[in-house]
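Q: need a 3D model of the following:
(one chain, ligands or ions: 1)
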Amino acid sequence: MSFQTHYCLYEIILLDEFMIIGRILENEKRVKFNVDIHCSNCGIIVPGGLQTGESYFETDEFKIELKEFKRNYLCGVCRDKRRVDK
Ligand SMILES: [Zn+2]
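A: Numbering: from 1, shown residues only. A predicted model of the protein is given here:
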């Protein structure tokens, strides 16, 4: 398994100010929760409103993904910078 295909799990979509993590099935109830997210580049704390599907929430897979998400997270400023650098 390449890192690249694994990484696309962390695609973020802005919706109702709650970012989607993991997967939400069609017509599934969503669980919304807040976590402290630190930008992995500049360290700024981003108020993190996240949402995921009810069946995915609190699964082992979810916990791993949340950990990876927090480890790789970039704030908007750093994300823009990275895009320009490339
Ligand atoms: Zn940053």
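Q: so what pLDDT did residue 2 get?
A: Here, the pLDDT recorded for residue 2 equals 42.
Q: ok, residue 44 next?
A: For residue 44, pLDDT reads 91.
Q: backbone phi and psi for the closest residue to it other than its chain neighbours, please?
A: Ranked by CB to CB, 6 or more residues apart in numbering and with sequence neighbours excluded, the top spatial neighbour of residue 44 is residue 75, at 5.4 Å. For the C-beta atoms, the positions are set from N, CA and C on the backbone; glycine is no exception. Per-residue torsions, residue 75: phi -70, psi 170 (degrees, to the nearest 10).
Q: residue 75 contacts residue 39, doesn't it?
A: Yes. With contact defined as CB atoms under 8 Å, residue 75 reaches residue 39; the gap is 3.9 Å.
Q: what sits in contact with each of the two?
A: residue 46 (CB atoms under 8 Å, 6 or more residues apart in numbering).
Q: that older thread, so how far is residue 48 from the residue nearest to residue 44?
A: 11 Å (CB to CB, to the nearest Å).
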